[in-house]
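> what's the 3D shape of this:
(2 chains)
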There are 2 protein chains.
Amino acid sequence: MTTDRNQRHKSAMQRRKALVDEKIAQANEERGIVIVLTGNGKGKSSSGFGSVIRCLGHGYKAGIVQFIKGTWDCGERNFIEQRCPEVPYHVMGSGFTWETQDRERDIAAAEQAWEQAEKLLQDDSLHLVLLDELTYVLKYGWIEQQRIFDAIQQRPADMSVIVTGRAASKALREIADTVAEVGDEKHAFRAGIKARRGIDW
Amino acid sequence: MTTDRNQRHKSAMQRRKALVDEKIAQANEERGIVIVLTGNGKGKSSSGFGSVIRCLGHGYKAGIVQFIKGTWDCGERNFIEQRCPEVPYHVMGSGFTWETQDRERDIAAAEQAWEQAEKLLQDDSLHLVLLDELTYVLKYGWIEQQRIFDAIQQRPADMSVIVTGRAASKALREIADTVAEVGDEKHAFRAGIKARRGIDW
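You can find the predicted model right below:
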């Protein structure tokens, strides 16, 4: 019985391996990509930061611009500043827009942050640039969309870019190579559990 | 005109702030949570690792057990080993099951890895335990589901747990506080772009 089950498992896995190997053989274009992590579910920014450390773990360089979460006490920022001081890291000054309630101040802060992003997007020593929560900059129209798209599309060929944030536009999804839509199936916060340091920020 | 737009923005943001503040006031239970990151889209493991560094950035401790990806050259593992040597990190020995094609070897490797997970899940110095790709262990039935659920549910009250991997079961989603379903809207690989070191692994 066990032998049968093991043999069936082996056959199934051999077929699976053949399929995986065939798909790998078909994918042969080599270049950096644009990844958009969007949707209302948990884990988009964390995923961006996890990709940064994945990249650093192979000895590549990465850069980060963090839009929106400006003044918030932020675990991933503390970590990168403490343990990865070589990573260029720029933070948009003003913080959540519903905290500032001042559109002109938001625009000025976004402009400054985007100028830093443009520099990173021209730096061919970088394997990855994380533009954390950039979707809100587009959504609120703080920076002209074409200017953002130009900088992303004119980046060095080997550079990948990760854009995170809710409500990525159709246009942004179109210029991306990979889009993950993170669905919010269930959230502790809605069940009355307080947002938690080290987990939610 | 601009003044009008700015005023409208300010009013909208004031309403939004009131809403956000009200929701925050309603969520007042404080405890560690179970987060499941599932679906076929990109970024689940990265999100788990990003949460680990978020946690470390606040001075909390975290532990990791990585199922499935055993022998694969892995940027996030290199990184944690190099820069976060204090983090307990266990890797399941056998690697992708379609590579080993040997069910009994997979079960033995899963058993060893799960024993390490059980130890972490009892360690009340840990703020977060990442069980990366645990869903496959459940899917293939290598470890009894109840044994896994018991260890997760009997953990210290302040500990959070993140489980990643495709195809999380209904039962796993039920014991979770937060579930993100990562949809695979678009993937570079399907457009013929080769998987990339530092981005895909």
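
> May I see the buried residues of the longest helix seen in chain A?
Identified as the longest helix of chain A according to DSSP state H is helix A:2-26. Taking 16 or more other Cβ atoms under 10 Å in any protein chain shown as the neighbour-count basis, helix A:2-26 is seen to contain the buried residues A:6, A:9, A:13, A:17. Every residue, glycine included, has its C-beta placed from N, CA and C.

> all strands of chain A, in order?
Listed from the start of the chain, chain A has strands (DSSP state E) covering A:34-38, A:61-66, A:89-91, A:126-132, A:160-164, A:178-186.

> residues making contact with the shortest one?
This means strand A:89-91. For strand A:89-91, the surrounding residues in contact (Cβ atoms under 8 Å, 6 or more residues apart in numbering or on different chains) are A:63-66, A:69-70, A:77, A:80-81, A:113, A:116-117.

> For chain A, which residues score under the pLDDT cut-off?
Within chain A, the stretches with pLDDT under 70 are A:1-2, A:69-71, A:94-101.

> residues contacting residue A:35?
For residue A:35, the contacting residues are A:51, A:160-163, A:176-180, B:42-43, B:188, B:199, taking Cβ under 8 Å, 6+ apart as the criterion.

> ok, and of the contacts of strand A:89-91, which contact chain B?
A:77, A:80 (Cβ under 8 Å from any Cβ of the partner chain).

> Pipe the contacts of strand A:89-91 into CSV and attach neighbour count per row.
Formatted as CSV, the entries for the contacts of strand A:89-91 read as follows, by neighbours: other Cβ atoms under 10 Å in any protein chain shown:
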residue, neighbour count
A:63, 23
A:64, 25
A:65, 25
A:66, 25
A:69, 19
A:70, 19
A:77, 21
A:80, 24
A:81, 13
A:113, 25
A:116, 17
A:117, 26
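
> now for the contacts of strand A:89-91, which pair is the farthest apart?
Maximum pairwise distance among the contacts of strand A:89-91 (Cβ to Cβ): 18.3 Å, between A:81 and A:117.

> before we move on, back to that, ranking the strands of chain A by burial, who's on top?
With neighbours defined by mean count of other Cβ atoms under 10 Å in any protein chain shown, none of those is more surrounded on average than strand A:160-164, at a mean of 28.

> Name the residues that touch that one?
Outside strand A:160-164, the residues that touch it by Cβ under 8 Å, 6+ apart are A:32-38, A:44-45, A:47-48, A:51, A:121, A:127-135, A:152, A:155, A:172, A:176, B:196, B:198-199.

> Could you rerun that using 7 Å?
For strand A:160-164, the external contacting residues (Cβ atoms under 7 Å, 6 or more residues apart in numbering or on different chains) are A:32-37, A:44-45, A:48, A:51, A:127-135, A:152, A:155, A:172, B:199.

> Just give me how far it sits from the chain centre.
On the basis of Cα atoms, centre = their mean, to the nearest Å, strand A:160-164 sits 5 Å off its chain's mean C-alpha point.

> can you check stretch A:123-139 too?
The offset between the C-alpha centroid of stretch A:123-139 and the centroid of the whole chain comes to 7 Å, using Cα atoms, centre = their mean.

> Stretch A:58-73 too?
The chain centroid and the centroid of stretch A:58-73 are separated by 10 Å under Cα atoms, centre = their mean.

> same question, stretch A:135-142
From the chain centre to the centre of stretch A:135-142 is a distance of 16 Å (Cα atoms, centre = their mean).

> can you check stretch A:109-123 too?
The answer for stretch A:109-123 is 16 Å, by Cα atoms, centre = their mean.

> pretty sure residue A:39 is touching residue A:173, no?
No - taking contacts as Cβ atoms under 7 Å, residue A:39 lies outside contact range of residue A:173: 11.3 Å.

> and the two? which has more neighbours close in?
Remark: of residue A:39 and residue A:173, residue A:39 carries more neighbours, 24 against 16, as counted by other Cβ atoms under 10 Å in any protein chain shown.

> beta partners of the closest residue to that one other than its chain neighbours?
If you skip the residues right next to it in sequence, residue A:39 has residue A:182 as its closest partner in space, 3.8 Å away by Cβ to Cβ, 6 or more residues apart in numbering or on different chains. Applying DSSP bridges to residue A:182 yields these beta-bridge partners: residue B:182.

> just to revisit the earlier point, of the contacts of residue A:35, closest to residue A:109?
Proximity of the contacts of residue A:35 to residue A:109, judged by Cβ to Cβ, is greatest for residue A:163, which lies at 18.2 Å.

> quick one: the closest one and residue A:126, what's the gap?
Taken as Cβ to Cβ, to the nearest Å, the spacing of residue A:163 relative to residue A:126 amounts to 15 Å.

> thinking again about what came up before, TSV for the strands of chain A, including distance to residue B:102?
Listed next are the strands of chain A as TSV, based on distance: least, Cβ to Cβ, whole Å:
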stretch	distance to residue B:102
strand A:34-38	34
strand A:61-66	37
strand A:89-91	45
strand A:126-132	35
strand A:160-164	35
strand A:178-186	32
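
> Wait, the residue nearest to residue A:39 touches residue A:46, no?
No - taking contacts as Cβ under 7 Å, residue A:182 lies outside contact range of residue A:46: 10.4 Å.

> rewinding a little: save the contacts of residue A:35 as JSON lines, and put in distance to residue B:108 too.
Formatted as JSON lines, the contacts of residue A:35 follow (distance: Cβ to Cβ, whole Å):
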{"residue": "A:51", "distance to residue B:108": "32"}
{"residue": "A:160", "distance to residue B:108": "37"}
{"residue": "A:161", "distance to residue B:108": "42"}
{"residue": "A:162", "distance to residue B:108": "37"}
{"residue": "A:163", "distance to residue B:108": "42"}
{"residue": "A:176", "distance to residue B:108": "41"}
{"residue": "A:177", "distance to residue B:108": "39"}
{"residue": "A:178", "distance to residue B:108": "35"}
{"residue": "A:179", "distance to residue B:108": "39"}
{"residue": "A:180", "distance to residue B:108": "34"}
{"residue": "B:42", "distance to residue B:108": "31"}
{"residue": "B:43", "distance to residue B:108": "30"}
{"residue": "B:188", "distance to residue B:108": "36"}
{"residue": "B:199", "distance to residue B:108": "32"}
